[in-house]
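> structure for the following, please:
(2 chains)
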Amino acid sequence: MTSSGALLFAFDTVTDQGVTLHYTKLANVTCKLIKKHLDIPCAVVTDGEVPAADQIINLQPKSTHSSRTIRVGDIHQTYEWKNNYRLLSYDLTPWDQTLVIDVDYILQTDRLKTLLESNLDFVIAQKVTGLMGNEFDRYHMMPNRTIPQCWATIMCFNRNATTVFEYAKMIADNYEFYAGIFGFDTKQYRNDMVFSIAAHMLQTPTIPWNITTASSNYYIKKIGESGLIFEKDPEEKMLITGYGDVHILNKNIASDLELLQKLENWADDY
Amino acid sequence: MSDIKSNIKLAWNRKQAQQNLKEKLNSELMFAHQGGMWCADRSTISFLSAFPNISEMVVEDVYGIPRKVNPMELLDLCKQKYQYATNAWAVEYQKLARTRRADDL
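Numbering: from 1, shown residues only, chains lettered A, B, ... in the order given. Below you'll find the model as predicted:
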């Protein structure tokens, strides 16, 4: 019998300003939402604890020499981006059919079930839309505007996807070379770039609907029965309803313990 | 007073909320069946309705891959998906139409 499940990656980290990003707590919320909406088990690759996970794949984060600058509150902060295990998703997953999603991808529907039902060998997110519609238009293509950019935020694959991951590993091993060709920065390793190239070269399908993404200047204002309501700051105070599943880029979601607790309660109650 | 001021400043973009709701509808029209990915939109429903007496035919899925399907079976699924998704859309749309202020969210 074919097993299906979700695979998440969660490593807590501390920024240069001393702010802790509690990705393991966020993963706990995401595991609960996955079970609620998709009814599949979750495996989490982590060095910490995620009580809601069905399986913990305990690994120590590898040094990536890749830093990321984010804004938490009003302060820009830098931290080491521990994102290199995603490349090993095929090797690490305990499932025959795996759905990889970011821990900051908040599920409010069962939409992703369609990917599992399709049993495609490999499918990745490509079309992204912001809460205001067009904020991510400039990311539809790679920096040199040659091939479409994909997002490793959501990937779904089965045991026939060996070639995709082998190709992705080859690209990662030659990151500087491909950065030169496609115009992306070598200072920061990004799985999006690696899998964009692999998906294009192997002509893999992409998710046929838009992935709603709340960029980093959106904050969660309300959480409740009607879902997530966002506030846009600082340009204008505006509330935007985030219907459906939303990828939240604002790292407040991982640093604000009160918000994390509210999300946890929401995942339990609604 | 500062709370009142901040609430006054809060604006709720109904048009954008409606567009976000439409995005959700568009995603909910997608479904998997017999190895293919399909969109339960009006054009698919119209096309499949033109083949009532055929038990098997080749139809192109959303990825441009030709799939052998039973058109009536696929049509039934499309109709179910369409009705479910659009009914939910209509309900949420009406809620949005009644919401006048940010506090009502």
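> strands along chain B, start to end?
B:11-12, B:30-33, B:36-39, B:57-60, B:66-69 (DSSP state E).
> same thing with the stretch 51-200 of chain A?
A:55-58, A:67-72, A:75-80, A:97-101, A:105-106, A:122-125, A:128-130, A:151-158 (DSSP state E, counting those that start in this stretch).
> tell me what the first one is packed against?
I take that to be strand A:55-58. strand A:42-46 (3 or more C-beta pairs under 8 Å, 6 or more residues apart in numbering or on different chains; DSSP states H and E). For every residue, glycine as well, the C-beta is placed using N, CA and C.
> report the angle between the strand it packs on and strand A:97-101.
50 degrees (axes from the mean of the first three to the mean of the last three C-alpha atoms, to 10 degrees).
> quick one: strand A:42-46 to chain centroid distance?
Distance, stretch centre to chain centre, for strand A:42-46: 13 Å (C-alpha atoms, centre = their mean, to the nearest Å).
> which strands and helices lie in contact with the biggest helix by length in chain B?
The longest helix of chain B (DSSP state H) is helix B:71-98. Applying 3+ C-beta pairs under 8 Å, 6+ apart, we find helix B:71-98 packed against helix B:14-28, strand B:30-33, strand B:36-39, helix B:42-49, strand B:57-60.
> what about 6 Å?
Counting contacts by 3 or more C-beta pairs under 6 Å, 6 or more residues apart in numbering or on different chains; DSSP states H and E, helix B:71-98 is packed against helix B:14-28, helix B:42-49.
> does chain A sit close to the last one?
No. When contact is scored as C-beta under 6 Å from any C-beta of the partner chain, no part of helix B:42-49 falls within range of chain A; the minimum is 12.7 Å.
> roughly how far out does that helix sit from the chain middle?
15 Å.
> what is the orientation angle of that helix with helix B:71-98?
Going by the same axes, to 10 degrees, helix B:42-49 makes 150 degrees with helix B:71-98.
> for chain A, which residues are neighbours of chain B?
So far as C-beta under 6 Å from any C-beta goes, chain A lies against chain B at A:111, A:114, A:117-118, A:132, A:205, A:208-210, A:229, A:237-241, A:243-244.
> got a list of contacts for stretch A:140-150?
A:124, A:126, A:139, A:182-184, A:195-196, A:199-200 (C-beta atoms under 6 Å, 6 or more residues apart in numbering or on different chains).
> drop anything exposed from those residues.
A:124, A:126, A:182, A:184, A:195-196, A:199-200 (16 or more other C-beta atoms under 10 Å in any protein chain shown).
> in TSV: these, plus distance to residue A:251 and pLDDT.
Compiled in TSV, these are given as follows (distance: C-beta to C-beta, whole Å; pLDDT from 0 to 100):
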residue	distance to residue A:251	pLDDT
A:124	23	98
A:126	24	96
A:182	26	95
A:184	21	93
A:195	22	97
A:196	23	97
A:199	26	97
A:200	29	97
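> out of the contacts of stretch A:140-150, which are inside helices?
In this view, the contacts of stretch A:140-150 that belong to helices under DSSP H are A:182, A:195-196, A:199-200.
> would JSON lines of the residues you listed with distance to residue A:166 be doable?
Compiled in JSON lines, the ones in helices among the contacts of stretch A:140-150 are given as follows (distance: C-beta to C-beta, whole Å):
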{"residue": "A:182", "distance to residue A:166": "19"}
{"residue": "A:195", "distance to residue A:166": "13"}
{"residue": "A:196", "distance to residue A:166": "16"}
{"residue": "A:199", "distance to residue A:166": "14"}
{"residue": "A:200", "distance to residue A:166": "16"}
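> what about the most centrally placed residue in chain B, distance to residue B:19?
Taking C-alpha atoms, centre = their mean, the centroid of chain B lies closest to residue B:25, which sits 2.7 Å from it. Separation of residue B:25 from residue B:19 (C-beta to C-beta, to the nearest Å): 10 Å.
> same check, this time on residue B:73
Distance from residue B:73 to residue B:19, by C-beta to C-beta: 33 Å.
> and residue B:23, what's its pLDDT?
The per-residue pLDDT reported for residue B:23 equals 85.
> cool, residue A:171 as well?
For residue A:171, the model assigns a pLDDT of 97.
> who touches it in this structure?
A:178, A:194, A:197 are the contacts of residue A:171 under C-beta under 6 Å, 6+ apart.
> what about chain B, any weak spots by pLDDT?
Under the criterion pLDDT under 70, the flagged ranges of chain B are B:1-12, B:100-105.
> please redo it, this time with the cut-off set to 80
Confidence mapping of chain B against pLDDT under 80 gives the ranges B:1-17, B:99-105.
> still on that earlier bit, got CSV for the strands of the stretch 51-200 of chain A, with distance to residue A:89 too?
Formatted as CSV, those follow (distance: least, C-beta to C-beta, whole Å):
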stretch, distance to residue A:89
strand A:55-58, 11
strand A:67-72, 20
strand A:75-80, 20
strand A:97-101, 5
strand A:105-106, 15
strand A:122-125, 10
strand A:128-130, 20
strand A:151-158, 7
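> quick check: which of the ones you listed is nearest to residue A:2?
strand A:97-101 (5.9 Å; C-beta to C-beta).
> who does that closest one pair with, and is each partner parallel or antiparallel?
The strands beside strand A:97-101 in its sheet (DSSP bridges) come out as strand A:4-10 (parallel), strand A:151-158 (antiparallel).
> tabulate the ones you listed (TSV), appending mean pLDDT.
Converted to TSV, the strands paired with strand A:97-101 look like this (pLDDT from 0 to 100):
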stretch	mean pLDDT
strand A:4-10	97
strand A:151-158	97
